[in-house]
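[1] Provide a 3D model corresponding to the input given below.
(one chain, ligands or ions: 2)
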Amino acid sequence: NKNNYSTAPKYLATLRIGEKEYRTDEYTNITPKILSYLNRNLHLKKDNPLSLVRQRIVNYFYSSFTHGGNPIFSVYDNVSPVVSTKQNFDDLLIPEDHPSRAKSDCYYINSTTLLRAHMTAHQSELLRAGLDNFLMIGDVYRRDEIDSTHFPVFHQIDAVRSQRKEQLFENHPDLDIFEPSFDRTNPHAYTNSISNPIKQSCHTLEATKLMEAQLKNHLIGMVRVLFGEDIKYRWVDAYFPFTHPSWELEIYYEKNWMETLGCGIVRNEILANAGPNNTIAYAFGIGLERLAMALYKIPDIRLVWSTDSGFLAQFQNKNANANIVYKPVSIYPQCTNDLSFWLPPTTTIDTFTNNDFYDLVRDIGGDIIEQVKLKDKFIHPKTKKHSLCYSIVYRHLERTLTQAEVNKIHKEIEDAATKAFNIVVR
Ligand code: FA5
Ligand code: MG
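    Residues are numbered from 1 along each chain as shown. Ligands and ions are numbered 1, 2, ... in the order given. As a prediction, this is how the structure comes out:
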């Protein structure tokens, strides 16, 4: 069974992912467990903390950069994570022998296809498509341990912002992006050097310094919007094959410096290969999990994958800017019982007050009520009677509830609701 890819990958000729069939080879190391994370799209799920952080960051870049009132960034947040080694490495000038290509670090489908290890994998194709300002948001995959801050699947927001001379030096038409020795009409005739730690040899010092200042201001602005004006941060010099110079931004969180993003000035070779030959660009890649964990005090990275309603309810129906502090969910199991009832003839599904019902449930169930959610509304086609169904989630914080115990309390709620609201339990 080609779908059931479980024991000995190397003996299977092909591997099916979604609609597509991939040949396998000695590079294949993707596991069924990892495949199960594909298409979860946490960054797009309304009640997931990663999605709230994504919205805030996108809003920040939308509102900070406008042209004629419209955002200049376009957002790509639904691109398949299956990429080629060309996209993930070659297009980004990552050398053949670079450790980030190792089988031990990536999830390969075969020797030329892998699950993207960073969102930067889409940079060149979007430049090639003619885009100059864009955000790439999605799930990325790296072979790693599972602990409270590492997970083999995490999410990144990557960006490119490019400018022409007229945009960058709006008020200084005398200044240029490129050194006179660089002929932008024939960029491949020029050997762009990165031996100077300050700048790429093709760029002028003025252009590099102005881009660096803008890049750092924009990212610090974002961190301040997320964490407040007083957030402690520091810039650390970094190296990426695809940017020069490069930096990482660390924020001070729980008595430690935490790396949150990598960034830099895009290597001109990438722009010359894929994009317009008259721009300078900065790029960055932000880890969403780390920001969400710091922002909402989420103690374990695994929690963002939780489908537990006690976790998700804390982020549901929230304004992206809401101040949310995660309250640990009890480790004891949940117990969910539904309650459906007919409303009295005097009440309709629209006039029944949900909050009255919620209060009654909390009054009787007390602390073991974790959540009450409206599950279904129904109007009988013949009798025209109105009916509601609620799911009540029970969970004790200190011990496992027995089903008998829950049933007893659930019955008390039914009886009290029958009396209070004149309903008929179905
Ligand atoms: C990159 O992935 C670069 N592509 C970023 C970049 C883009 C640089 C464009 C320059 C220009 P790095 O491997 O450092 O860089 O990851 C970027 C961020 O992802 C990290 O700062 C961190 O916040 C997050 N991250 C990295 N590894 C993990 C992990 N295992 N778990 C959770 N978050 C991670
Ligand atoms: Mg890093």
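
[2] Please report phi then psi for the residue of the stretch 251-400 of the chain found nearest ligand 1.
    When scored by Cβ to the nearest ligand atom, the stretch 251-400 of the chain has Gly287 as its residue closest to ligand 1, at 2.3 Å. For the C-beta atoms, the positions are set from N, CA and C on the backbone; glycine is no exception. The phi and psi torsions at Gly287 (degrees, to the nearest 10) take the values phi -90, psi 120.

[3] And for it, the neighbour number?
    Gly287 has 19 neighbouring residues, counting by other Cβ atoms under 10 Å.

[4] pretty sure it is touching Gly262, no?
    No - using Cβ atoms under 8 Å, Gly287 is not in contact with Gly262, being 9.0 Å away.

[5] quick one: low-confidence ranges for the stretch 301-426 of the chain?
    Low-confidence segments of the stretch 301-426 of the chain (pLDDT under 70): none present.

[6] which residue ranges form the helices in the stretch 301-426 of the chain?
    According to DSSP state H, counting those that start in this stretch, the stretch 301-426 of the chain carries its helices in the segments 309-312, 354-365, 403-421.

[7] got it, and the stretch 1-150 of the chain?
    Counting by DSSP H, counting those that start in this stretch, the stretch 1-150 of the chain has helices at residues 32-35, 49-64, 85-88, 123-128.

[8] Save those helices as TSV, and put in distance to His172 and mean neighbour count too.
    Shown next, in TSV, are those (distance: least, Cβ to Cβ, whole Å; neighbours: other Cβ atoms under 10 Å):
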stretch	distance to His172	mean neighbour count
helix 32-35	50	14
helix 49-64	22	19
helix 85-88	37	19
helix 123-128	26	20
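
[9] Out of these, flag the one nearest Gly138.
    helix 49-64 (10.0 Å; Cβ to Cβ).

[10] Show me what the closest one is packed up against.
    Identification of packing neighbours for helix 49-64 by 3 or more Cβ pairs under 8 Å, 6 or more residues apart in numbering; DSSP states H and E yields strand 70-71, strand 133-141, strand 153-164, helix 205-227, helix 288-296.

[11] For the last one, give me every contacting residue.
    Applying Cβ atoms under 8 Å, 6 or more residues apart in numbering, the set of residues contacting helix 288-296 from outside is 43, 49-50, 52-54, 149, 151, 154-157, 226-227, 251, 253-254, 258-260, 298-299, 301, 304, 315, 324-326.

[12] Which of these are buried, as a ChimeraX select command?
    In ChimeraX syntax, the buried subset of those is picked out as below (16 or more other Cβ atoms under 10 Å):
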select :43,49,50,52,53,54,151,154,155,156,157,226,227,251,253,258,260,298,301,304,315,324,326
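
[13] ok, and which of the contacts of helix 288-296 reach ligand 1?
    151, 154, 156, 259-260 (Cβ under 6 Å from any ligand atom).

[14] how much space is there between Arg23 and Glu206?
    Plainly put, Arg23 is 50 Å away from Glu206 if you go by Cβ to Cβ, to the nearest Å.

[15] and Ser201, which of the three is it?
    coil (DSSP: H, G, I helix; E, B strand; the rest coil).

[16] Same check on Ser246?
    Once three-state DSSP is applied, Ser246 turns out strand.

[17] tally of neighbours for it?
    For Ser246, the neighbour count with other Cβ under 10 Å is 21.

[18] How about Lys46?
    Applying other Cβ under 10 Å, we find 13 residues neighbouring Lys46.

[19] Flag every residue of the stretch 251-400 of the chain that's near ligand 1.
    259-264, 283-285, 287, 289-290.
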